[in-house]
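Student: Could you work out the structure for the sequence below:
(2 chains)
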Amino acid sequence: MPAETDTLDPHATGGWGTYQITYQIFEGLVKEDLTKPNAATPPIVPGLATSWDISDDGLVYTFHLRQGVKFHDGTPFDAAAVKFNFDRFWNESSPDFYKKAKAFVIAYTKWIRSVDVIDPMTVKITLTAPNYQWLRQGLQSYGQPLMVSPASVKQFGNEGVALHPVGTGPFRFVQRDQGVKTVIERNDAYWGAKAKLDRVIFRPLQDPATRVNALENDEVQMITTPPWDEIERLTGEGFVLSTNNNAPYINYMHLNFKNPALQDVRVRKAINMAIDRAGITKEIMHGTGRPEGGMLSPGTDAYDPQFKGSAYDPEGAKKLLAEAGVKDLKLVFELPQYGTGELVETWIQRDLKKVGIDVELRKYEWVTYLGKWAGGMSPDVAMNEIGWGMSTPAWIGVVSRCDSAPPGGINSGYYCNPEVDKLLDQAIVTRDPAAAKDIYQKVNRIITDDAAFVPIDDDLEPILLSSKVKGFVNPPEDWFDLSTVSVE
Amino acid sequence: MGAFLARRLAGVIPVIFGVSIVIFMLIQLAPGDAATVLLGPQASEAAKIELRHTLGLDQPLVSQYVVWLARTLSGNFGTSIATQLPVATLVVPRFLNTLILTFGSLVLAVAIGYAIGLFAGLRSHSLFDRLSMSLALLAGSAPPFWLGLILVLLFAIQLRWLPVSGMQDMAGNGGWLDVLHHLVLPSVTTALGPAAIMARIVRSSVIEALGRSHVRVARAKGLSRATLIRRHVILNALPPIVTITGLQLGYLLGGALLTEVVFAWPGLGALLYDSITARDLPVIQATTLLIALAFVLANIAVDLINAALDPRLREA
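Tutor: All right, here's what the predicted structure looks like:
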């Protein structure tokens, strides 16, 4: 892995890398099935609940829990355990409440009105308003409502879960040596199909060349985030490249609606038309990316692979700029500093220069950048960028709704179109997935017509494996299920 | 000698104190905050404000510093903001790992640098002298991260003699032999630069000592070459060599931090990097303090050795 993971408390962590470990240890009432490589979106399947009923008004979810499941420490899983977990990350009046967990699981818990135990194996959760993406929203990055052993939390305290992560999953936690390794081993008492590997060791290897060398020397059998320019050589030497066409991850730019130069939609459109996305994915990403024209993440059931967005048309961009009466345009582009260099950003800078827009790249170290991005752009800045997405189409609202503007939201460019908000409100209460899909796609078209963002490419989540590794599935998610993997 | 040592040790306190203030203030100057990193972009403003309050980050700077100082003086480094673990449990094992790498590199650098420097000095302007000094120039100018990768490509990937990364075989049971096996490439990488500098200094000190009048007198008295070199040349050449070795110790410590990233050696370097990117102030403070302390103590050790070699220095 390219970095050390965050704490292993699934309620109080947000990173994708961390979920690559916690997904193996913990489970929720429902889970995303990550064993289907070609699914458009990971199917939602029974986890610790065998089934669930949703009331006709969409407000009441009744979960029927799986019998005979035990946490890794032997604690039985039942309705009391479910209640304990909701108390921990949602119920502020409970003695078991953990503030940090609430801040993370908020996208899920803000919809909850009440949690009731009906009988030892049935739990009823009532929402404040219907939301047919609610189950899916609980399975995204930034706080997942997975089930943690109540006994372990009582023994080690809320902060202690980080070092004593006890769940019900196919692997159990063994050891963590901060910055060196995290070790998990097979849970032989697992209720479902048992894992094939005896143990898995996760190692943070920051330097990309070190990751490649460790793979070549058989010290590790799998690396994530391989350096783009090494992939071809390594596959030539027999290493296996795994990618997924539906990873819910878009690299895109926010355009700043508070910047005077970007008030004219023709200027925003010209920027979109000036960028050679196919060139970026071919020359820089060596085929591990795909040009993206819209703002719906792949990996969601609303994604339309046929949607094209702006075509690459530098001449058309020049014409639009001339029509808008824009000359000698100078724009500021804020971006985080990458260890690998800013190849994509300098490519974009060059493309915009060709249509007469001078772009100044302002680089910041990651933490500084994160604060600036989440805090919203100042009017002198024209654009910034991020790579993000979710397997729920509701994500498009997270970055584009009027009420998602900072502070408190992350619509970093302050785009606001009341029609978009109205449609998104409709989509969330639409039970029929096909009808909801139509609404999300309509939103995507409006946002594209407004040229509110500059989508660049979809990341195909390249992962390199030793040829000895069998059964690995690269799913449409940013983490994966290691229970199906074996090493020869 | 006791008074000399006491004077030197008393000087440590203001240095460490100064370092702690500078680091504390520098971190505050950097934009971005721990609450945003910890809670992620979807957290509400209220949640961030609450977390800052829980962590004490909303207190005035001076009181934050005083709280930190009082706690540290009582031997408690506090709790890491990012990992919620006690700072000492994070920093101390990493510090020991960095010391292992630094010490291993020092032994190698001294062995290589002194041996080459001595032979080159005794046979100045010979073919060996010219060749070794040219090589030293090359090795001394090569950045450790580049050198490390080249050594890995040769000895780990091509020849498969040595491991690429880490401090132990992750699947094995470890043990000292395993650590030594993993130590070879990173310590060679860190040692070569300082070894090259030591070789050049040893060489010139030896040449200078050889030219001194007392050496010529001793030679005229018919002293054997071995005794002459041992008693009159090496001993007189030592003080500048010891001083430069002490200075290189600081370089080795710094170089080890870079090498650690290339070899995934679990030392302070990676920890410092992670804690800076997470704005994990308690960890940054503890790490930099330990590095500063190690540097200052190493310099005192050099002063003591020099004072033992040359009584005149004890008066200074």
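Student: Can you classify the residue in the stretch 201-316 of chain B that chain A sits nearest to as helix, strand or coil?
Tutor: With distances taken as C-beta to the nearest C-beta, the stretch 201-316 of chain B approaches chain A most closely at residue B:266, which sits 4.4 Å away. C-beta: built from backbone N, CA, C; applies to glycine. Residue B:266 falls in the coil class when you classify it by DSSP: H, G, I helix; E, B strand; the rest coil.
Student: That one is in contact with residue A:203, isn't it?
Tutor: No: taking C-beta atoms under 8 Å as the contact criterion, residue B:266 and residue A:203 are not neighbours in contact, 10.0 Å apart.
Student: okay, and the common contacts of these two?
Tutor: Shared contacts of residue B:266 and residue A:203, defined by C-beta atoms under 8 Å, 6 or more residues apart in numbering or on different chains, comprise A:180, B:166.
Student: give the contact list for residue 104.
Tutor: Because you didn't say which chain, this covers chain A. Residue A:104 is in contact with A:11, A:12, A:13, A:14, A:89, A:142, A:143, B:39, B:40, B:43, counting by C-beta under 8 Å, 6+ apart.
Student: Oops, wrong one, chain B.
Tutor: Contacts of residue B:104 (C-beta under 8 Å, 6+ apart): B:183, B:186, B:187, B:191.
Student: Near the third one, how many other residues are there?
Tutor: If you count neighbours by other C-beta atoms under 10 Å in any protein chain shown, residue B:187 ends up with 26.
Student: Check the last one too.
Tutor: As a burial measure, residue B:191 scores 30 neighbours (other C-beta under 10 Å).
Student: what helix or strand does it sit in?
Tutor: When elements are defined using DSSP states H and E, residue B:191 is found to belong to helix B:176-210.
Student: right, quick check: that helix against chain A, any contact?
Tutor: No: residues of helix B:176-210 are not located near chain A by C-beta under 8 Å from any C-beta of the partner chain, the shortest gap being 10.3 Å.
Student: Which elements pack onto the helix or strand following that helix?
Tutor: Note on helix B:176-210: by DSSP H and E, the next helix or strand toward the C-terminus is helix B:213-220. Applying 3 or more C-beta pairs under 8 Å, 6 or more residues apart in numbering or on different chains; DSSP states H and E, one finds that helix B:213-220 makes contact with no other helix or strand.
Student: what separates helix B:213-220 from the chain centre, distance-wise?
Tutor: When distances are taken as C-alpha atoms, centre = their mean, to the nearest Å, helix B:213-220 is centred 39 Å away from the chain's centroid.
Student: in that helix, what counts as buried?
Tutor: Taking 16 or more other C-beta atoms under 10 Å in any protein chain shown as the basis for neighbour counts, the residues of helix B:213-220 that come out buried are B:215, B:218.
Student: between the contacts of residue B:104, which is closest to residue A:345?
Tutor: Checking the contacts of residue B:104 against residue A:345 by C-beta to C-beta gives residue B:186 as the nearest, at 33.3 Å.
Student: Make sure that closest one is actually in contact with residue B:100.
Tutor: No: in this structure, residue B:186 sits apart from residue B:100 without contact. The criterion is C-beta under 8 Å, and the distance is 9.8 Å.
Student: ok, those two, which is more surrounded?
Tutor: Taking residue B:186 and residue B:100 together and counting by other C-beta under 10 Å, residue B:186 has the greater number of neighbours (30 against 19).
Student: Quick check: closest non-adjacent residue to that one.
Tutor: If you skip the residues right next to it in sequence, residue B:186 has residue B:263 as its closest partner in space, 4.3 Å away by C-beta to C-beta, 6 or more residues apart in numbering or on different chains.
Student: Would you point out the most distant pair within the contacts of residue A:104?
Tutor: Pairwise distances across the contacts of residue A:104 peak at 14.3 Å for A:89 and B:40 (criterion: C-beta to C-beta).
Student: who's more crowded, the two?
Tutor: Neighbour comparison, residue A:89 and residue B:40: the larger count goes to residue A:89, with 28 against 21 (by other C-beta under 10 Å).
Student: How confident was the prediction at that one?
Tutor: Among the per-residue scores, residue A:89 holds a pLDDT of 94.
Student: so what's the spatially closest residue to it that is not a sequence neighbour up against?
Tutor: On the basis of C-beta to C-beta, 6+ apart, the spatially nearest residue to residue A:89 that is not a chain neighbour turns out to be residue A:101, at 3.9 Å. With contacts defined as C-beta under 8 Å, 6+ apart, the neighbours of residue A:101 are A:9, A:11, A:12, A:88, A:89, A:143, A:158.
Student: could those residues go into TSV alongside secondary structure?
Tutor: Output for the contacts of residue A:101, formatted as TSV (three-state DSSP):
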residue	secondary structure
A:9	coil
A:11	helix
A:12	helix
A:88	helix
A:89	helix
A:143	coil
A:158	coil
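Student: Of the residues you listed, just the buried ones, ChimeraX syntax please.
Tutor: Restricted to buried positions by 16+ other C-beta under 10 Å, the ChimeraX selection for the contacts of residue A:101 reads:
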select /A:9,11,12,88,89,143,158
